[in-house]
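**Student:** With the sequence up front, the predicted model follows.
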Amino acid sequence: MNKLRIYFSQINWPLIGFILSLLIPSTAVVQKYLGLNGVAAYLVIASLIMYLGYKYVLSKIIQFMTDKRLLWLVVVAFLVLLVLFIILYPIANSGLLGSGSDRDEALNIATSELLKGHYPYYLKTYFGNPITPMPGSLFLAVPFVLIGNSAYQNLFWFFLFLYTLNYLFNNKQHGVTVLFVILALAPCVMLEYVTGGDLLANSIYVFVFIVWAVIIISKNEKSIWKKILIAVLLGLSLSSRSNFILLLPLVFSAYVKNNGWKSAIVYLAISGFTFLLLTVPFYLYDPQGFSPLHTINKLNQFQDILPKAGLIVPLVSGIIGLILSFSQNTKISTLLINCTIVLAIPVLIGIVLQSIMFHTLDFSFAGYGLPFVFFGSTAFFLMLMERKSEIKK
């Protein structure tokens, strides 16, 4: 037993977590284009690249990225992202290289209807799909729809993701490394980007607002209006997709651990009130027409295997999140790891249920795991850097 305990203690769990957070959501994309053999090759090759990169290359890359070089690397990277979008987005929407995505159109349609003063959930996309984004997504997309397309928001949120990483790591080289690894080895992220899908921006801004809410609200020297503003923005971002509500107990726990019960209750209440104020009126206006609720059917498709899957799976995830909240500490990395677990559970269960349903291994449900790419990669890389610094000491 002691030998087994020693063996497990020597395993680099943060690196394994980092690899799995990046790769699992992309298995859906890889399977779609390359089949199961492609998934196996992707998992093996990408894992090997990250393992060898962490062990032998990472320190050299970080040394190479001086402040001057780093600035140019970031500028070039964002210019490349801009050019890729300009070239590939029209191609993706044209149908020349597949059916593309209607997530961008769904958000454009709904936000345009909102700006006209119409109920935003009656129209459908060109695929005949109902509108999925909740009201918070529509409000956050308004500036980008006004300048032409909600898809523009993805590049904006990439920038804020990098800014947040740089603050969390207190090291620009580490933040840039995480972003570059995501772009290079998580094809689900790049596919969502070039097709203009809103799940990318949605995933990033929930991550960003959770991180900054915990940071700002935990600091006594921050002014009240800043704390209220970030709590409102967090509530706004949570009114985007229903699965993010499951993260609230973890955020509340982080508030309590860092700043006490009274402050935690006040600022969680502000976020909760913002969420309700944005969401409930749209639901009450037409409960049958409130199309974001159709996302429940993504799990209800497994009713024959797991009755009431649309209720049971989120409930299991929520209970696990509640349990994790009691054992949470003050570290932001712990909060983000717990968020990753809560977001990953429905996806992993979905993969298992879909594989059972199709009588073969199937990863197509993994695409809904895109949000935990950002939570998991950041959390586990933070732990990896902490581990490296401890080893040096």
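**Tutor:** Happy to help now that I have it.
**Student:** And the next helix or strand past the one helix or strand Trp157 maps to?
**Tutor:** With secondary structure defined by DSSP states H and E, Trp157 is part of helix 153-169. As assigned by DSSP H and E, the chain's next helix or strand after helix 153-169 is helix 172-185.
**Student:** what helices or strands is the helix or strand that contains Val266 leaning on?
**Tutor:** For Val266, the host element (DSSP H and E) is helix 261-285. Using 3 or more Cβ pairs under 8 Å, 6 or more residues apart in numbering; DSSP states H and E as the contact criterion, the neighbours of helix 261-285 among helices and strands are helix 135-146, helix 198-217, helix 224-238, helix 248-259. To be clear about C-beta, it is placed using only N, CA and C from the backbone, and glycine gets the same treatment.
**Student:** For it, which residues meet the burial criterion?
**Tutor:** By neighbour count, and taking 16 or more other Cβ atoms under 10 Å as the criterion, the buried residues in helix 261-285 are 263-264, 266-268, 270-272, 274-275, 278-279, 282-283.
**Student:** Repeat that for stretch 38-49.
**Tutor:** Judged by neighbour count (16+ other Cβ under 10 Å), stretch 38-49 contains these buried residues: 39, 42-43, 46-47.
**Student:** ok, the residues you listed vs Lys124, which is closest?
**Tutor:** Top of the list for closeness to Lys124, among those and by Cβ to Cβ, is Val39 at 31.8 Å.
**Student:** Quickly note the distance from that closest one to Ala46.
**Tutor:** In this structure, Val39 lies at 11 Å from Ala46, with Cβ to Cβ, to the nearest Å as the measure.
**Student:** any idea which element Ile341 lies in?
**Tutor:** Taking DSSP H and E as the criterion, Ile341 maps to helix 332-358.
**Student:** between that helix and helix 153-169, how big is the angle?
**Tutor:** An angle of 130 degrees separates the directions of helix 332-358 and helix 153-169 when computed by axes from the mean of the first three to the mean of the last three Cα atoms, to 10 degrees.
**Student:** coming back round to it: would you mind pulling up the elements that the following helix or strand past the helix holding Val266 packs against?
**Tutor:** Elements were assigned by DSSP H and E; along the chain past helix 261-285, the next helix or strand is helix 297-300. If contacts are counted by 3+ Cβ pairs under 8 Å, 6+ apart, helix 297-300 sits against helix 309-326, helix 332-358.
**Student:** Which one, of those, ends up nearest to Ser26?
**Tutor:** The minimum distance between Ser26 and the helices and strands packed on helix 297-300 falls on helix 332-358, with 12.0 Å, by Cβ to Cβ.
**Student:** and the helix or strand just after that closest one, what's its mean pLDDT?
**Tutor:** Using DSSP H and E, the helix or strand that directly follows helix 332-358 along the chain is helix 371-392. For helix 371-392, mean pLDDT rounds to 84.
**Student:** So which bits of helix 371-392 are buried?
**Tutor:** In terms of neighbour count (16+ other Cβ under 10 Å), helix 371-392 has its buried residues at 371-385.
**Student:** Which two of these have the greatest separation?
**Tutor:** So, the buried residues of helix 371-392 by Cβ to Cβ: farthest apart are Pro371 and Met385, at 22.4 Å.
**Student:** which intervals of the stretch 51-200 of the chain have sub-threshold pLDDT?
**Tutor:** Under the criterion of pLDDT under 70, the regions of the stretch 51-200 of the chain flagged as low confidence span 94-100.
**Student:** Surely Thr111 touches Gly136?
**Tutor:** No - in terms of Cβ atoms under 8 Å, Thr111 does not count as a neighbour of Gly136; the distance is 11.5 Å.
**Student:** Am I right that Tyr121 is in a strand?
**Tutor:** No - judged by DSSP: H, G, I helix; E, B strand; the rest coil, Tyr121 forms no part of a strand; its state is coil.
**Student:** Let me see the contact set for it.
**Tutor:** If a contact means Cβ atoms under 8 Å, 6 or more residues apart in numbering, then Tyr121 has 110, 130-131, 282, 286, 289-292 as its contacts.
**Student:** Give me the buried entries from these.
**Tutor:** The neighbour-count test (16+ other Cβ under 10 Å) applied to the contacts of Tyr121 identifies 110, 130-131, 282, 290-292 as buried.
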